[in-house]
Each structure stands twice: as C-alpha cells, then as structure tokens.
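>>> Next comes the sequence, and after it the predicted model I'd like to discuss.
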Amino acid sequence: MKTALLFLACITVASAQFWHPLAPCNGHHECPAIGYCCHYSTVLLFQLCELKPNEGWPCDPTNVSSCPCNDGLTCQQDSVTFQWTCVKEVEA
Ligand SMILES: *[C@@H]1O[C@H](CO)[C@@H](O)[C@H](O)[C@H]1NC(C)=O
C-alpha cells in the first residue's frame, strides 16, 4: 500500500514537469505556441489545448475534430484511401 502511494506520488510529480496536453483553455494564447492549439473537445464539451497533427497524422480540413496541421503542413486528402492527413505544404 505504501509503495503504491509512493508510486502515485512520483507519477504526479513527474507529470507536473511536463505540459499537460489536455489543459482547459479559452484561446490559442493560453496554449504553448509551438505545436498546440485551443480546440473544442466534443468529448469533454470544453476547450482543451491539443497537439497539432504532425506530418502523416490524420487531420480534419474543417478544424472541427482536430487542430489545424502543424506549421508548414497542410491537410490533404489521399487520392487512394480518401483519408485526410497532414502533408508538407507544396510551394506553388
Ligand atoms: C483551419 O485553421 C487554419 C489555421 O488556423 C486556417 O488557416 C484554416 O482556414 C481553417 N480552416 C477552416 C475550414 O476553418
């Protein structure tokens, strides 16, 4: 029992060292500028800081179910699988 409590305490301390990706927010400015956006969670029904999808990750072009892609990436539909994923922006 004591060991379990100690273990829990360690996890709590350790996780506090990192940014919690599911922190509630009221705007993008409340989330880490790099790689996060403030996004309304349809599961929890409030806004959370979420990771922006990186290259190859699934994304939502309407920004409804996910953050927009990370910097330099754009959400594109694959012509074969019809899945939307973040790909490198092609400079026109
Ligand atoms: C999604 O968010 C990106 C970045 O903020 C924006 O450029 C884009 O227009 C948004 N798309 C829609 C459909 O709102």
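Now that the structure is in, tell me what you want to look at.
>>> K52 touches T74, doesn't it?
No: if you go by C-beta atoms under 8 Å, K52 and T74 don't touch, sitting 11.8 Å apart. (Glycine included, C-beta is placed from N, CA and C.)
>>> With neighbour numbers in mind, choose between these two.
K52 (20 against 14; other C-beta atoms under 10 Å).
>>> Quick check on the more buried one: phi, psi?
Phi and psi for K52, reported as degrees, to the nearest 10, are phi -70, psi 140.
>>> how many other residues sit next to L51?
L51: 16 neighbours (other C-beta under 10 Å).
>>> Quick check: it touching G35?
Yes: using C-beta under 8 Å, L51 makes contact with G35 at a distance of 5.9 Å.
>>> ok, what's across the strand from the most centrally placed residue in the chain?
Of all residues in the chain, the one closest to the mean position by C-alpha atoms, centre = their mean is L51, 1.9 Å from it. With DSSP bridges as the criterion, L51 is bridged to Y36.
>>> Distance of it relative to V80?
Distance, L51 to V80, using C-beta to C-beta, to the nearest Å: 26 Å.
>>> Same check on K52?
24 Å.
>>> for E55, same thing?
18 Å.
>>> Pull the number of nearby residues for the nearest residue to A23 once chain neighbours are set aside.
Distance criterion C-beta to C-beta, 6 or more residues apart in numbering; nearest residue to A23, sequence neighbours excluded, is C49 at 4.9 Å. By other C-beta under 10 Å, the residues close to C49 number 21.
>>> burial measure for the residue nearest to N26 when sequence neighbours are not counted, as a count.
Spatial nearest neighbour of N26, excluding adjacent residues (C-beta to C-beta, 6+ apart): Q47 at 6.5 Å. Neighbour count of Q47, defined by other C-beta under 10 Å: 19.
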